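Sequence below, structure please.
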Amino acid sequence: MPTSANSSTHGAASTATIVLSFGCVYIFWGSTYTAIHIGGQTMPALLMAGARFVISGGILLAWCKWRGLRIRLSGYELRMLSLLGFLLLGCSNVGLIYAEQVMPSGLASLLYAGTPLYVAIAERFLPTGEPISRRGWFGLLLGFAGLSAMLVPSIQTSMHGNKALMLALVALIGGTFSWAAGSLISRHARLKVNIFVAAAWQMLLAGVLNTLAGTVLGEWPAFHPNAAGWASVAYLITFGSLIGYTAFIYLLEHVPVAKVMSYTYVNPVVAVLLGMAMLHEHLVSSEYVGMAAIIIAVFLLTTAQIKTRPAVEEPQA
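Numbers count the residues shown, from 1 in each chain. Predicted structure coming up:
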């Protein structure tokens with residue numbers, strides 16, 4: 001390895017870029033929960049998700065074409081990316097938008113933070129899945145205890161006649177299962193497609209599917225976004241889908257997965273703080289306990305998994 005002044009400067013620049021990328025993933029992805037809550041007040045879930053991903057997917061795909069990347073897909077690649085888009089950006093995102101129309105954004109983000117728990121359990125029982133260490137099992141138990149603490153107040157409220165809140169909880173939990181399923185399928189899909197091209201097609205295909213579903217279900221009469229709603233969609237497209245996801249991909253290529261996954265326990269903290277500051281939300285005491293338990297559990301689980309299977313720390317780009 002050369003040790004010239006140029007290589008030293010390049011290393012410093014790379015370090016700065018990594019720090020900036022972490023900041024983008026932490027702050028921008030954490031703030032998307034607030035933006036989703038704002039936009040969801042004036043737009044139906046399917047059409048809001050459709051608008052976001054059709055635009056962001058189209059922009060990213062055009063950028064990939066401009067960079068000279070192969071954007072044509074085989075039949076298998078198209079089917080697989082359609083499925084992944086449906087699970088990761090269709091069901092998952094739509095469930096989150098629907099839930100945040102009823103419940104606080106901070107609470108939704110904390111319940112979403114439990115997704116790695118479901119992925120870890122599913123991986124444990126797959127033939128080529130990752131084993132879970134003792135520390136990981138402790139994280140799982142702590143995480144589910146935290147989820148229980150988070151859910152109890154909302155379930156009690158819904159038991160007193162708030163059916164909308166119960167449906168929101170079902171949609172949110174269904175969305176987390178959809179994200180977990182999509183994550184597992186994506187990990188084992190073995191697609192020979194550039195990661196940015198794959199992301200662009202997933203966004204575009206999910207956006208088209210969401211828009212078609214919203215049209216079939218008659219959501220257009222309820223689609224009347226105000227200035228704040230359009231601003232939230234613009235924010236989600238720019239900072240959530242384009243800048244945030246680009247930073248995430250950059251980190252996956254340059255930083256061990258264990259460190260990149262730290263966003264799963266930083267984003268909820270950002271979302272809760274922004275919800276309190278901008279939306280005047282607040283949690284009850286048991287929900288604060290659940291928040292701490294979930295964040296610690298995800299930290300224990302992600303770091304324990306990486307130590308057990310070091311071969312998957314650095315994914316192949």
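
and Val94, what does it touch?
45-46, 49, 171, 175, 210 (CB atoms under 8 Å, 6 or more residues apart in numbering). For every residue, glycine as well, the C-beta is placed using N, CA and C.

Looking at the residues you listed, which is nearest Leu191?
Asn210 (21.8 Å; CB to CB).

Quick one: neighbours of that closest one, just the number.
29 (other CB atoms under 10 Å).

I'd like the distance from the closest residue to it other than its chain neighbours to Thr215, if you could.
Spatial nearest neighbour of Asn210, excluding adjacent residues (CB to CB, 6 or more residues apart in numbering): Gly50 at 3.7 Å. Separation of Gly50 from Thr215 (CB to CB, to the nearest Å): 9 Å.

ok, now Leu205?
16 Å.

Between these two, tell me which one has more neighbours.
Leu205 (23 against 13).

which secondary structure element contains Val54?
helix 45-66 (DSSP states H and E).

thought Leu300 was touching Gly136?
Yes. With contact defined as CB atoms under 8 Å, Leu300 reaches Gly136; the gap is 6.9 Å.

shared neighbours, the two?
Jointly contacting Leu300 and Gly136 under the rule CB under 8 Å, 6+ apart is no residue at all.

from the contacts of Val94, which two are the most distant?
It's Ala171 and Asn210 that sit farthest apart of the contacts of Val94, by CB to CB, at 14.2 Å.

the bottom helix or strand of the protein by mean pLDDT?
None of the helices or strands of the chain scores lower by mean pLDDT, DSSP states H and E than helix 5-23, at a mean of 64.

and the next helix-or-strand element following it, average pLDDT?
As assigned by DSSP H and E, the chain's next helix or strand after helix 5-23 is helix 29-39. Computed over helix 29-39, the mean pLDDT rounds to 95.

now stretch 257-271
83.

I would like the residues contacting stretch 235-247, please.
By CB under 8 Å, 6+ apart, stretch 235-247 touches 20-22, 24-25, 28-29, 31-32, 35-36, 39, 52-53, 55-57, 59-60, 196, 199, 203.

which phi and psi does Leu217 have?
Here is the backbone geometry of Leu217 (degrees, to the nearest 10): phi -80, psi 0.

so what's it up against?
Contacts of Leu217 (CB under 8 Å, 6+ apart): Leu46.

From Ile185, how far off is it?
Leu217 is 26 Å from Ile185, by CB to CB.

Of all the residues in the helix or strand harbouring Ala198, which ones are buried?
Following DSSP H and E, one finds Ala198 within helix 195-216. By 16 or more other CB atoms under 10 Å, the buried positions in helix 195-216 come out as 195-211, 213-214.

can you check stretch 244-259 too?
244-252, 254-255, 257-259.

what's the neighbour count on Ile27?
16.

That one and Phe299, how far apart?
Distance from Ile27 to Phe299, by CB to CB: 19 Å.
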